[in-house]
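K.L.:
just to be clear, the model below is a prediction. Sequence and coordinates:
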Amino acid sequence: MATRAILVGALLAALLIPVAGSAALRTAPQNTGQPVVSGRTVQGQTLRTTTGRWNGTRPLVFRYRWLRCDTSGGGPNGVNCSTIPGETRPTLVLRAADVGHRIRSRVVATNVDGTASANSNATAGTVQSSSAAGRPANAAPPTISGTPAQGQTLTANRGTWTGGQPQTYTYQWRRCDSAGGSCADINGATASTYVPTADDVGHTLRVRVAAHNSLGSRSSTSTPTGVVGKAGGPSGQTVSINDVSLPNRLIIDRLQFNPAILRSHNAFTARFHVTDSQNHPVQGAVVFVVGIPFGNTTTPPEQATGADGWVTFVIRPTFRLRITSHGNQPFFVRARKPTDRLIAGVSTRRLVNLAVR
């Protein structure tokens, strides 16, 4: 009996005494060894991170983020670092945005008891690859902004360039035919801006930009502008329809009905004033007017605007037009250049209303 009591006591003691290390298995993750980032810190190269060493309940699941830090490596705990969006793998391909920065990984460990994270060492500063530091290369061609018209200033945007820095840029403006071909350099036009002259009227223009660095140079040429138009006169001075060309456009800016309110089926006059988008009255613009729906009024033939930019039509209502209180009669009005297609080129359209009582 004594022996049996001793055995039972030993068994109870064994059940009550914790097994060594069992408490450590039921804990949230704890980092005991910093993650380590390896790889060449050169644009285009791949960095890899280890998970580091961790204690805590198994199994552990790891997630990854990458941090872009300042030249100090981000300071204590990476306070001067920013998370790189979308990078959640244990590898990172260095990009142009990383050049000049130091990189760290952040490993996030999770188990059934919690989550913890640890930052890696900071890498050396990222540098450009040998290809990125080569001769200039054009990534987006130059562009030209401004109105292609005599006396108007055009401005060249140099486009986007890669290659070693610093880079300098030179400009050469070129005069081309109306389709943008057969180009020739314009003497002395080597600034980033250019003011077209009378010699450019009827032509298109391009600009050639050359980028230079210590390793060499390359050039790229813009697409052509529209055809350069003639210089406009002072605002308010009448111009001929023959001098109106894109990007200038016609505008029907004023109208007059007489009488202003239609109260009968008697004839009435409709007058329309045509200018260009530079506020010049236009002589010789061909104007067409038709009532909507068709047949409510007579439809006069097209007429050209006079020296003051006005054109006058005599229109008669038909029996289809009902003279009712608080009504209106819409009209479609078009102004165009005789040599253009009906709704192309510099033409313009407008809907107007005549009050009917």
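P.N.:
Cool, got the structure.

K.L.:
show me the shaky parts of the stretch 1-150 of the chain.
P.N.:
Applying pLDDT under 70 to the stretch 1-150 of the chain flags residues 1-25, 128-133.

K.L.:
all strands of it, in order?
P.N.:
30-33, 37-38, 46-49, 53-55, 61-69, 81-83, 91-93, 102-111, 114-119, 137-140, 143-145 (DSSP state E, counting those that start in this stretch).

K.L.:
G125: which of those is closest?
P.N.:
Across these, G125 has its closest neighbour in strand 102-111 (5.5 Å, C-beta to C-beta). Where you see a C-beta, it was placed from the backbone N, CA and C, and this is true even at glycine.

K.L.:
for the closest one, packing partners?
P.N.:
Contact analysis of strand 102-111 by 3 or more C-beta pairs under 8 Å, 6 or more residues apart in numbering; DSSP states H and E lists strand 37-38, strand 46-49, strand 61-69, strand 114-119 as its packing neighbours.

K.L.:
number of residues surrounding R322?
P.N.:
10 (other C-beta atoms under 10 Å).

K.L.:
and R53, by the same measure?
P.N.:
12.

K.L.:
which ones are touching it?
P.N.:
N31, T32, G33 (C-beta atoms under 8 Å, 6 or more residues apart in numbering).

K.L.:
top of these by neighbour count?
P.N.:
Highest neighbour count within the contacts of R53: N31, with 18 neighbours (other C-beta under 10 Å).

K.L.:
quick one: contacts for it?
P.N.:
G52, R53, W54, A109, A116, S117, A118.

K.L.:
so which of these wins on neighbours?
P.N.:
A109 (22 neighbours).

K.L.:
quick check on N242: phi, psi?
P.N.:
Dihedral angles of N242 (phi, psi; degrees, to the nearest 10) stand at phi -70, psi -20.

K.L.:
likewise A198?
P.N.:
phi -60, psi -30.

K.L.:
give the contact list for it.
P.N.:
A198 makes contact with Q150, A231, according to C-beta under 8 Å, 6+ apart.

K.L.:
let me see the ranges of the helices in the chain.
P.N.:
2-16 (DSSP state H).

K.L.:
circling back to that earlier point, N328 is nearest to which of the strands of the stretch 1-150 of the chain?
P.N.:
strand 143-145 (42.5 Å).

K.L.:
that closest one - contacts with which helices or strands?
P.N.:
Here strand 143-145 touches strand 154-157, strand 204-213, going by 3+ C-beta pairs under 8 Å, 6+ apart.

K.L.:
now do the buried residues in the first one.
P.N.:
Which is strand 154-157. If you call a residue buried by 16 or more other C-beta atoms under 10 Å, then strand 154-157 has these buried ones: L154, A156.

K.L.:
partners of that strand in the sheet?
P.N.:
Strand 154-157 pairs in its sheet with strand 143-145 (antiparallel), strand 193-194 (antiparallel), by DSSP bridges.

K.L.:
what lies in contact with it?
P.N.:
142-148, 171, 173, 192-196, 205, 207, 209, 222, 225.

K.L.:
are any of these buried, and which?
P.N.:
Buried among those (16+ other C-beta under 10 Å): 142, 144, 146-148, 171, 173, 192, 194, 196, 205, 207, 209, 222, 225.

K.L.:
for these, which one is nearest Q329?
P.N.:
When the buried ones among the contacts of strand 154-157 are compared against Q329 (criterion: C-beta to C-beta), the nearest one is T147, at 38.1 Å.

K.L.:
ok, that closest one - contacts?
P.N.:
T147 sits in contact with L154, P247, where contact means C-beta under 8 Å, 6+ apart.

K.L.:
please apply the same query to the one 4 residues further on.
P.N.:
Applying C-beta under 8 Å, 6+ apart, one finds that G151 lies in contact with V195, P196, A231.

K.L.:
adding distance to E87, write these out as a markdown table.
P.N.:
Compiled in a markdown table, the contacts of G151 are given as follows (distance: C-beta to C-beta, whole Å):
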| residue | distance to E87 |
| --- | --- |
| V195 | 49 |
| P196 | 49 |
| A231 | 56 |
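
K.L.:
tell me which of those is nearest to T83?
P.N.:
V195 (48.9 Å).

K.L.:
distance of the closest one from A122?
P.N.:
Between V195 and A122 the computed distance is 53 Å (C-beta to C-beta, to the nearest Å).

K.L.:
follow-up on the earlier one: columns distance to I343 on top of the contacts of R53, output as a markdown table?
P.N.:
Converted to a markdown table, the contacts of R53 look like this (distance: C-beta to C-beta, whole Å):
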| residue | distance to I343 |
| --- | --- |
| N31 | 72 |
| T32 | 77 |
| G33 | 75 |
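
K.L.:
re the thing from before, so which of the contacts of G151 are in strands?
P.N.:
If you go by DSSP state E, the contacts of G151 have nothing in strands.

K.L.:
quick one: which two of the contacts of N31 are the most distant?
P.N.:
Farthest pair in the contacts of N31 (C-beta to C-beta) is R53 and S117. Separation: 14.0 Å.

K.L.:
related to what we said a few turns ago, closest one to G236 among the strands paired with strand 154-157?
P.N.:
Closest approach to G236 among these (C-beta to C-beta): strand 143-145, 27.0 Å.
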